[in-house]
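**Student:** quick one, structure for this:
(3 chains)
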Amino acid sequence: MPTSPTIATVSSHSALQIMKGAKDEGFNTLLICDKKREKFYKRFNLVDEFLLVDEFKDILDEKIQKQLNDKNCVLIPHGSFVEYIGGRETMRVNVPMFGNKKVLEWEADRRKSYEWFKKAGIKVPHSFLKPDEIDRLTLVKLFGAKGGRGYSLVKSSEEFKEKVGHFDSEKMQLQEYILGTRFYPHFFYSPLTGENELTGIDLRYESNADGLPRMPADFYMAPTYVVTGNFPITMRESLLPDVFEIADKLTETSKKLFPPGLTGPYSLEMVCNDKLELYVFEISARIVAGTNVGIPGSPYSYLKYGKEMSMGRRIAMEIKKAISENRLDDVVS
Amino acid sequence: MPTSPTIATVSSHSALQIMKGAKDEGFNTLLICDKKREKFYKRFNLVDEFLLVDEFKDILDEKIQKQLNDKNCVLIPHGSFVEYIGGRETMRVNVPMFGNKKVLEWEADRRKSYEWFKKAGIKVPHSFLKPDEIDRLTLVKLFGAKGGRGYSLVKSSEEFKEKVGHFDSEKMQLQEYILGTRFYPHFFYSPLTGENELTGIDLRYESNADGLPRMPADFYMAPTYVVTGNFPITMRESLLPDVFEIADKLTETSKKLFPPGLTGPYSLEMVCNDKLELYVFEISARIVAGTNVGIPGSPYSYLKYGKEMSMGRRIAMEIKKAISENRLDDVVS
Amino acid sequence: MPTSPTIATVSSHSALQIMKGAKDEGFNTLLICDKKREKFYKRFNLVDEFLLVDEFKDILDEKIQKQLNDKNCVLIPHGSFVEYIGGRETMRVNVPMFGNKKVLEWEADRRKSYEWFKKAGIKVPHSFLKPDEIDRLTLVKLFGAKGGRGYSLVKSSEEFKEKVGHFDSEKMQLQEYILGTRFYPHFFYSPLTGENELTGIDLRYESNADGLPRMPADFYMAPTYVVTGNFPITMRESLLPDVFEIADKLTETSKKLFPPGLTGPYSLEMVCNDKLELYVFEISARIVAGTNVGIPGSPYSYLKYGKEMSMGRRIAMEIKKAISENRLDDVVS
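**Tutor:** Numbering: from 1, shown residues only, chains lettered A, B, ... in the order given. A predicted model of the protein is given here:
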C-alpha cells in the first residue's frame, strides 16, 4: 500500500465511533452506507466519502470490492457487519479487513467457541446434555433465537418436562443459570505489542428484560433480551486481574487454534456471582456496540493512555503504528 | 443590545451547567437565587452576580424584571423555572428568554401536545377514550398527579372496573402501556443552521420505581415516579436515524403550529419495545435535568463537535453566534 | 520531609486511580503489591516502584514501614486497605497516612458512627430497640454479615417472630427500611481551605441484588449485596444543597468528636424516598471504590475545577498544596 489507507466501515452499530477515531488519527474515511441512512451520517460530518448501497450485502459484489481496493481501504468489521453479511460471506470479502477473519467461525459456532473456552481453561456455565441431569437453576436456550425469545428458566428435570416438554438437542441448550451482575469488558489485543488492553466496560440495556422490573409482579411476561443501549460501568478493581487473565488465556489459546489468533477489538460477556466468581458466557470477536459508552474515552483507557481513547480511535492508532513499522499485514487479514 | 448580554437563570435544575457553559463561552453570569441556596451555588464559583429572591415567583415582579433588563440579561428557562413560575406566567415575563416561549403552552397541555405529535406523524402510545375499549395493558394516568401517584395498570375493562371503578374523562387518561426500555435523548434545534443536534441521552432514576425491584415481590407497593437523578446512556446506533427523524418531524411541524416553532434545547421521553419500535410519550421543550449527565460532554456531542460540549455550553454558543450574525432576535423571544 | 514525598498505596480498590492522580500531579509512586497482582498493575505503567508482599498485612511489619519511611512515603488508605489490615491495626501503622486516622474507629463501630450522625443532626433510618416496636417495613441486619447475607425484611413484630424468631440485640439491628433510590456522593474535605467539595456520585452495582430483578418472581431468592461495580450518576440539582449541608454537619461535628476531624476523601450512603427526603445509612471515611467512575473526571469535579479531576488526583493536589504551604502535617496523620 503506497499511500495512506482509507478507513472504511458499514453504516450501523459503531460506525460513528470508527469514523471519528479514524479522523482523530488523521485518516481519510469512507462509509458503505445504506441509502436511507445517508442523511443521518451526514449530520456528524465524519465521513469523507459515502459509498451508497441498497443493502449491506452489496459489499459481496466484486465491483464494490474493487472500488474499495482502488481507494486503498481497510475495512473495520463490526457486529452489524457480520450479522447482515454473514460470517462465512464476510470471510470471502476480498478487501483488507482489520483483525483476523478466521475468528469469525470460532465466534459464530457455539460448539467451536465452547471448545476455545475449554482449551483456554476459563470458567463457563455448566451445560447439561439432557434434561435428566438438571440439578440447579437452568436456562433452556434455543439456538438462533433472536433476542432470547422462547427461552425458559427451570429448576429441575420435572420442571423442564412441565414447562418445555420434549428435548431437542439440535435446537436447545441447557445452560446453568448464573445469578449475578453482568459486565461486558472491551479488550484490544495488539499483535504489534503482544498485549491485551482494557479500553472500557459497559452493561447492556435490554428490551424488554430491563423494563419488566418496573411493572407489578402480577403482570409478569417472559423476558426478551434485545439490546437497545448501553450503560458505562466500572468493575471492582480486585476483579480486574482475573478479567485480564481470562483475556490472556483466550488470546494465547487462539494463536494455536487459528493462527495468528484473535487480534484487535473484542468483548466478553461475563456474570459475577455473589462469591465474586466470574463466568464467561460469550465472546464477540470484533468491536462491540457497547464501546460507544467509551466515546471519547473511558476510565480504563484514560488510565492506560492518559488521554481520550475510544476503541474506534485505538483501531486507527494500531493501523497507523503498523504502517510506520511496515507491519500492516500483521493487523489485517 | 449594545454590550454583550449576561446569561441568567434560576437556582435549580440545570443552573450549574448553564452558568458553567456561559462562563466557558466567555459570558457574564447572573443567578436569580433562592436565598437559602446562595451558599450552595457559591461553592462552585460560576456566578458573577447573585440576585437573591425569597421565592422564584418574584421574577414576575416588574422591578426584578427591570433589573434583569438593565443588566442586559438573556434568561435561560429550565424545567424548574417553568414548574415554579407556571407556563402562562412565564410567557408574561418581559425579559428576553432563550427559545420560543410559545412552545410552553403546547408542551404543558396534554391535548395540544397530542395534536402536535399527531400532526408530526410520530408514533405515540394509543389512548383509549373509555374503559370498554381497553384491549391490552393500559396505564390509568391521573392528570396533574405528582410523580405518578395513584396511577394504575390494568389489562382489561373488567380489571379497570375492579381496580379503578368510575371513569372520569376529565381527570383520567387511559394510555396503552408500552413495555420496553426508556430513553431521554437531548436535542438542540438551531434556528441559525436549521438543524437538529443530539447532545446526549440519559435515563431517569426514579423514586420509588427504581428502588422497588430490589425488594421481594411480596412487599409490593404501587410505584411512584419522582425523578431523583439520571444515568448517562448510549442508544443502539441503528435506532438513531429514527430518533432524528422524529425530532425533524416535531421541529418542522412546530414551525406551522406556532412560528417560528420549537427552537433551542428540548428532550423526548421514549420507550423502545423489543421489536425496536420507538414510542414518544412526552416532549420537554426546554433544557432537561438529564443533560447534567453530559457535563462536560457526552459521546454524541463529542462526535458532533470533537470537543467537550454540554447543553449549557451549546446554549451559550448559540447566543454568541447569534450576536456575531446580528440575529439575537431569532434565538430569544 | 526534605524531598518531595512518594505517594503509596496498596494494590486493590482504587489503587490505579490513586497512582494515576499522583503521576498527573508530578509525584513518584510506590505500590505495596500482592505478588500475584504485579503483572496486572504493570500493564498500566503508573507505578514507579513495586514493594512486593505476600499479603497486605505485611505492612504491619516494621521493616516494611522503615522502607516506606526511607522513601518518604505518604500512604493513601482505601477501603480494601482498611478491610484487610483492620481498623485498629491501621492506626498503628507508623508511616504518614493521608487523612485523620482517628476517623477509622468512628467509621467502623456502628454505635460510634450512629452517635456521630445523631450529634450532627442528620436524618438516619429509625432503629427499633426490640421487635415489639416494629411498626413499619424493617430490615433485620446481622452485624458483620458479609454482603448482607442473612438479612430479612419484615413488616411487623408478628412477621419478625415468624421469619426470624429470637431477637439477639448483640447480633441484630432492626433498621427502618427506606424505599427509594440510592446515591453515593463522594466528598473531599480540605483542611487547607475548610471546604467540602463534591467530586462525583456513583451507584453501586451489587451481586446478586441487581441480577435478581431480571428473573421471574417465582424464582425468588434472598438478595445479597456484594459490590461488584459502580455506575456514574447525577443527582437532581435541588437535592444537592441538602447533600452539602449534611456533609458540612458531619465534618463540623467530627472536629469536636475527634480533632482535627474528618479530612480528605469520604462518601455517604444515601437513600432518597419519593418525597425527596434524604436518609444517610453509612459513612465511608476514606476514598471509596465508586470514585473509579470519576476517572478522569465527573460532572461535579468539572463544574468545580473546569478540568479533569478524579478523587485520586484531588488527593495528590492536596498533598502538593500542603507542601507548598508547609502544612503537610495538617493533611496526614
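**Student:** contacts and neighbour counts: CA atoms only from here.
**Tutor:** Noted.
**Student:** please list the residues of chain A that sit near chain B.
**Tutor:** Residues of chain A lying close to chain B (CA under 8 Å from any CA of the partner chain) are A:12-14, A:16-17, A:20, A:37, A:40, A:43-45, A:205-214, A:216-217, A:224-232, A:289, A:292-296.
**Student:** dump the residue contacts of residue A:299.
**Tutor:** A:200, A:234, C:292, C:293, C:294, C:295, C:296 (CA atoms under 8 Å, 6 or more residues apart in numbering or on different chains).
**Student:** among the residues of chain A next to chain B, which are in reach of chain C?
**Tutor:** Near chain C, by the rule CA under 8 Å from any CA, you find A:209, A:210, A:212, A:213, A:217, A:231, A:232 out of the residues of chain A next to chain B.
**Student:** which of the residues of chain A next to chain B are buried?
**Tutor:** Buried subset of the residues of chain A next to chain B (neighbour count, 16 or more other CA atoms under 10 Å in any protein chain shown): A:12-14, A:16-17, A:20, A:37, A:40, A:43-44, A:205-214, A:216-217, A:224-232, A:289, A:292-296.
**Student:** helices - which of those land there?
**Tutor:** Residues of those located in helices (DSSP state H): A:16, A:17, A:20, A:40.
**Student:** rounded mean pLDDT for the strand ranked longest in chain A, please.
**Tutor:** Criterion DSSP state E: the longest strand present in chain A is strand A:195-208. Mean pLDDT, computed over strand A:195-208, is 97.
**Student:** strands of chain A, start to end?
**Tutor:** Along chain A, counting by DSSP E, strands occupy A:6-10, A:28-34, A:49-53, A:73-75, A:127-128, A:138-142, A:152-154, A:172-176, A:181-190, A:195-208, A:225-232, A:234-235, A:264-272, A:278-284.
**Student:** in stretch A:312-322, which residues are buried?
**Tutor:** A:312, A:313, A:314, A:315, A:316, A:317, A:318, A:319, A:320, A:322.
**Student:** next one: residue A:210 from residue A:309, what distance?
**Tutor:** To residue A:309, residue A:210 is 29 Å away according to CA to CA, to the nearest Å.
**Student:** in chain A, which residue is closest to the centre?
**Tutor:** Computing the C-alpha centroid of chain A and ranking residues by CA atoms, centre = their mean puts residue A:284 first, at 3.1 Å.
**Student:** can you pull the domain assignment for chain A?
**Tutor:** What automatic domain parsing lists as the domains of chain A is A:6-97, A:106-123+A:179-307, A:127-176.
**Student:** mean neighbour count, those domains: which tops it?
**Tutor:** Comparing these by mean neighbour count (mean count of other CA atoms under 10 Å in any protein chain shown), domain A:106-123+A:179-307 comes out on top with a mean of 21.
**Student:** measure that domain end to end?
**Tutor:** Counting by CA to CA, you get 34 Å between the two ends of domain A:106-123+A:179-307.
**Student:** now swap in stretch A:211-225 and tell me
**Tutor:** By CA to CA, the extent of stretch A:211-225 from end to end equals 10 Å.
**Student:** now that stretch: mean pLDDT?
**Tutor:** Stretch A:211-225 carries an average pLDDT of 86.
**Student:** same deal with stretch A:315-333?
**Tutor:** Taken as a whole, stretch A:315-333 has a mean pLDDT of 97.
**Student:** just checking the longest helix along chain A against chain C, any contact.
**Tutor:** In chain A, taking DSSP H as the definition, the longest helix is helix A:240-257. Yes: shown here: helix A:240-257 in contact with chain C (CA under 8 Å from any CA) through A:240, A:241, A:244.
**Student:** state the distance from the last one to residue A:187.
**Tutor:** When you say that, I think you mean residue A:244. Residue A:244 is 9 Å from residue A:187, where distance means CA to CA.
**Student:** between these two, which contacts overlap?
**Tutor:** Residues touching both residue A:244 and residue A:187 (CA under 8 Å, 6+ apart) are residue A:196.
**Student:** which one of the residues of helix A:240-257 next to chain C is nearest to chain C?
**Tutor:** residue A:241 (5.5 Å; CA to the nearest CA).
**Student:** now do the contacts for the closest residue to that closest one other than its chain neighbours.
**Tutor:** Excluding the flanking residues, the one nearest residue A:241 by CA to CA, 6 or more residues apart in numbering or on different chains is residue C:40, at 5.5 Å. Contact analysis of residue C:40 by CA under 8 Å, 6+ apart lists A:240, A:241, A:244.
**Student:** tell me the one of these nearest residue B:86?
**Tutor:** Using CA to CA, residue A:240 comes nearest to residue B:86 of the contacts of residue C:40, at 50.8 Å.
**Student:** who does the longest strand of chain A touch, helix- and strand-wise?
**Tutor:** Packing partners of strand A:195-208 (3 or more CA pairs under 8 Å, 6 or more residues apart in numbering or on different chains; DSSP states H and E): strand A:181-190, strand A:225-232, strand A:234-235, helix A:240-257, helix A:299-305, strand B:181-190.
**Student:** again, 7 Å this time
**Tutor:** When contacts are defined as 3 or more CA pairs under 7 Å, 6 or more residues apart in numbering or on different chains; DSSP states H and E, strand A:195-208 packs onto strand A:181-190, strand A:225-232, helix A:299-305, strand B:181-190.
**Student:** strand partners of that strand, parallel vs antiparallel please.
**Tutor:** strand A:181-190 (antiparallel), strand A:225-232 (antiparallel) (DSSP bridges).
**Student:** contacts for the last one?
**Tutor:** Where contact means CA atoms under 7 Å, 6 or more residues apart in numbering or on different chains, the residues beyond strand A:225-232 that reach it are A:147-148, A:201-209, A:290, A:293, B:232-236, B:274, C:231.
**Student:** for residue A:107, which non-adjacent residue is closest in space?
**Tutor:** Nearest-residue entry for residue A:107: residue A:113, 5.6 Å, with adjacent residues in sequence omitted and distances by CA to CA, 6+ apart.
**Student:** and the one you found, how far from residue A:149?
**Tutor:** Taking CA to CA as the measure, residue A:113 falls 22 Å from residue A:149.
**Student:** hmm, back to that, pLDDT at the residue nearest to residue A:241, what is it?
**Tutor:** Residue C:40 is assigned 98 on the pLDDT scale.
**Student:** do residue A:115 as well
**Tutor:** 95.
**Student:** OK, contacts around it?
**Tutor:** Counting by CA under 7 Å, 6+ apart, residue A:115 has no contacts.
**Student:** could you dump the contacts of residue C:40 to TSV with distance to residue B:6 and pLDDT?
**Tutor:** Converted to TSV, the contacts of residue C:40 look like this (distance: CA to CA, whole Å; pLDDT from 0 to 100):
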residue	distance to residue B:6	pLDDT
A:240	48	98
A:241	52	98
A:244	52	98
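**Student:** in JSON lines: these, plus distance to residue C:305.
**Tutor:** Shown next, in JSON lines, are those (distance: CA to CA, whole Å):
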{"residue": "A:240", "distance to residue C:305": "30"}
{"residue": "A:241", "distance to residue C:305": "32"}
{"residue": "A:244", "distance to residue C:305": "34"}
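**Student:** tell me which of the residues you listed is nearest to residue C:160?
**Tutor:** For the contacts of residue C:40, the minimum distance to residue C:160 (CA to CA) is 40.3 Å, reached by residue A:240.
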